[in-house]
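J.: The sequence and its predicted three-dimensional model are supplied below.
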Amino acid sequence: MNNTIFILNTVSPIFLIVVLGWILRKRGIIAESFIKQITKFVFNVTLPVLIFLKLATVDFRQVFDVKIIILIYLGIFIIFFISWLIARQFIPKGHGRGVFIQGSFRPNNVIIGLALIMNIFGDEGVARTVVILTFLVPLDNVLSVVALTIFDETGHRGKALIKSLKSIITNPVIIAGIVAIIYSILKLPLPIIIATTGKYLADITLPLALIGVGASLRVVFLKKTSLITMGAALLKLIIAPVIGTGLGYLLGYVGIDLGIIFIIFACPTAIVSYILADSMTPHGEIAGNIVITTTLLSAFTLSLGLLVLNYLGLL
């Protein structure tokens, strides 16, 4: 019972802050311009600082595990392939195949995943996750562009791929992770004044980011729920974590590592998938529908999955 209460107490606050963000926007307390500003501020300033501090101050050799990165890559490719097969079989060309594929595999790990891992596993879990995200974010970007350009046949493949590669090279999250890895390997000292200032910025990252997630949700999309949306939600919230966690267990992972693997695969679809789909395809509404549906349902599926893992003695 105590473990059940612990999991509920660590998962619930994350989604309550998301709901708070939605309420604040709905009541006009925060405006659309503010949402864009805090999202940009978090992505370009506070989140890179958080990632750098959590990774630069630990022994990189202790948190780097190439096997877990290969496992997660394998899981993502399996889900991508399954969603592609389903899309090819059941969704006509030009009706959102790429949006369905992207919504089925691209997780909101940088915000919701990181917040959950910090709440449940603390700094050690965050450090391990940051290493994984440094390698996972580029893969997510490339596969999203592949899905939206090739499978939806937008006609902008070359430009989209170049834009994606540019976004990877200039991505503050990836840059912060790489710099932190170098800093950790070299075991360079971190001046107290830098560490203290950075901590102030890092501490506001996840609350601001979660409010931004909630404020970005558009409940109006729920009125147009379709089989495409529900299929993507089923793949993202049920099939993906089963595949990812199953692979992790077969490779001998338990405890904190298996918990991180589960959360990475069980997170809802990333909001950036809506932004990308809306700018590259005529199916932005479907992408928005997938984002809000998976975000709302994931409050239950994440809690249930963690409870099952805990009940089986795997956490």
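T.: Nice, thanks for sending it over.
J.: Helix, strand, or coil at the spatially closest residue to residue 204 that is not a sequence neighbour?
T.: What sits nearest to residue 204 in space, not counting adjacent residues and going by Cβ to Cβ, 6 or more residues apart in numbering, is residue 46, at 6.0 Å. Bear in mind the C-beta positions are built from the backbone N, C-alpha and C, glycine included. What DSSP: H, G, I helix; E, B strand; the rest coil gives for residue 46 is helix.
J.: how much space between residue 46 and residue 246?
T.: Per Cβ to Cβ, to the nearest Å, residue 46 is found 35 Å from residue 246.
J.: Settle it for me: which of those two has more neighbours?
T.: Counting neighbours by other Cβ atoms under 10 Å for residue 46 and for residue 246 shows that residue 46 has the greater number, 21 against 13.
J.: got the contact list for that one?
T.: Residues near residue 46 by Cβ atoms under 8 Å, 6 or more residues apart in numbering: 201, 202, 204, 205, 208.
J.: Could you do residue 167 as well?
T.: Residue 167 touches residue 141, counting by Cβ under 8 Å, 6+ apart.
J.: State the next helix or strand along the chain beyond the helix or strand containing it.
T.: Per DSSP states H and E, residue 167 falls inside helix 157-169. The C-terminal neighbour of helix 157-169 among helices and strands, as given by DSSP H and E, is helix 172-186.
J.: got the contact list for that following helix?
T.: For helix 172-186, contacts defined as Cβ under 8 Å, 6+ apart pick out 43-45, 47-49, 51-60, 110, 130-131, 133-134, 137-138, 168, 190.
J.: Just the buried subset of these, please.
T.: 43, 47-49, 51-58, 60, 110, 130-131, 133-134, 137-138, 168 (16 or more other Cβ atoms under 10 Å).
J.: Figure out how far the longest helix belonging to the chain is from the centre of its chain.
T.: Longest helix in the chain by number of residues (criterion: DSSP state H): helix 114-146. How far helix 114-146 lies from its chain's middle: 7 Å, per Cα atoms, centre = their mean, to the nearest Å.
J.: what pLDDT, on average, does that helix get?
T.: Averaged across helix 114-146, the pLDDT comes to 90.
J.: Which of the helices or strands spans the residue lying closest to residue 218 once chain neighbours are set aside?
T.: Beyond its immediate neighbours in the sequence, the residue positioned closest to residue 218 (Cβ to Cβ, 6+ apart) is residue 288, lying 5.6 Å away. Using DSSP H and E, residue 288 maps to helix 284-311.
J.: which residues touch stretch 55-67?
T.: With contact meaning Cβ under 8 Å, 6+ apart, stretch 55-67 is reached by 123-124, 127-128, 130-131, 177, 179-181, 183-185, 188, 190, 195, 251, 257.
J.: whoops, stretch 70-87 was the one
T.: Counting by Cβ under 8 Å, 6+ apart, 97-98, 100-101, 104-105, 132, 135-136, 139-140, 143, 147, 151, 231-232, 235, 239-240, 243-244, 247-248, 251, 253, 261, 264-265 sit against stretch 70-87.
J.: Return the set of buried residues in stretch 110-125.
T.: Residues of stretch 110-125 classed as buried by neighbour count (16+ other Cβ under 10 Å): 110-121, 125.
J.: got it, and stretch 199-212?
T.: Buried residues in stretch 199-212, counted by 16+ other Cβ under 10 Å: 201, 202, 204, 205, 206, 208, 209, 210, 211, 212.
J.: What count of nearby residues applies to residue 50?
T.: Residues near residue 50, counting by other Cβ under 10 Å, number 26.
J.: tell me the phi and psi of residue 107?
T.: With angles defined as degrees, to the nearest 10, residue 107 sits at phi -90, psi 160.
J.: Apart from its chain neighbours, what residue comes closest to it?
T.: Spatial nearest neighbour of residue 107, excluding adjacent residues (Cβ to Cβ, 6+ apart): residue 267 at 3.9 Å.
J.: what's the one you found in contact with, if anything?
T.: 107, 108, 109, 112, 113, 116, 298, 302.
J.: correct me, but the first one touches residue 236?
T.: Yes. Assessed by Cβ atoms under 8 Å, residue 107 is found in contact with residue 236 at 7.4 Å.
J.: Neighbour count: these two, which is higher?
T.: Neighbour tally, residue 107 and residue 236, criterion other Cβ under 10 Å: the higher count belongs to residue 236, 29 against 26.
J.: Kindly indicate whether the more buried one is helix, strand or coil.
T.: Of the three states, residue 236 takes helix according to three-state DSSP.
J.: just residue 248 next, same as before
T.: Judged by three-state DSSP, the three-state class of residue 248 is helix.
J.: Distance of the residue nearest to residue 218 relative to residue 6?
T.: 33 Å.
J.: Those two: which is more packed in?
T.: More neighbours surround residue 288 than the other of residue 288 and residue 6, with 27 against 14 (other Cβ under 10 Å).
J.: This completes my enquiry, with thanks.
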